[in-house]
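Colleague: just need the structure, nothing else, for what follows:
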Amino acid sequence: MDRQIPHPTPPDITVRCAVVTVSDTRTIETDKSGQLLQEMLGSTGHSITAYQIIKDEKLEVVKQLQHLCQREDIDAVILNGGTGIAPRDTTYDAIENLLEKTLPGFGELFRWLSYQEIGSRAIASRAVAGTYQGKLVFSLPGSSNAVRLGMEKLILPELVHLRRQLRGN
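Modeller: Now for the predicted structure:
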């Protein structure tokens, strides 16, 4: 499909990103999704200014997001993990009320794209995006397939454009 982009994205703009994996079990060595996020961001010219693995605890997610969004060297925070409906999945619950502006299309499109890959199980995803304290915030499921899908189809194509909109330039 050849689509016309209404506002072409200028080349050579680097978005400074924080990557946060929300998991009770992953370590730096086993965090394939966090590693994938860093690789995909780096290979497209963006920088990783922070990388963390935090426990799937609502207050910890809130505290880390608040801390990261106060940093001047971060434009976007990309979280992975904790977006389902299991009792230990708290990421969505932690950030939904923090977001100042939401991007409903992100979750809607993510679930639609997921449905094409995994069928009706996509309804359990609570992927969400928006803004908080002048930063972009994206929250993806923790599977590597979900991370790759969200990054390739939604985040990477729009990251620079959304950052420019948020800054007003």
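Colleague: can you list the residues that contact the lengthiest helix in the chain?
Modeller: The single longest helix within the chain, with elements called by DSSP state H, is helix 104-118. Residues external to helix 104-118 that are found in contact with it (CB atoms under 8 Å, 6 or more residues apart in numbering): 121-123, 125-130, 138, 140, 145-146, 149-150, 153-154. All C-beta spots, glycine's among them, are computed from the backbone N, C-alpha and C.
Colleague: repeat that for 10 Å
Modeller: If you take CB atoms under 10 Å, 6 or more residues apart in numbering as the criterion, helix 104-118 is touched by 83, 92, 103, 120-130, 138-141, 143, 145-146, 149-150, 152-155, 158, 162.
Colleague: stretch 68-81 spans what distance, first to last residue?
Modeller: 17 Å (CA to CA, to the nearest Å).
Colleague: kindly report the same for stretch 66-82.
Modeller: 17 Å.
Colleague: likewise for stretch 122-131?
Modeller: 24 Å.
Colleague: which of the residues in that stretch are buried?
Modeller: 122, 125-131 (16 or more other CB atoms under 10 Å).
Colleague: next: stretch 19-34.
Modeller: For stretch 19-34, the neighbour count (16+ other CB under 10 Å) marks 19-23, 26, 31, 33-34 as buried.
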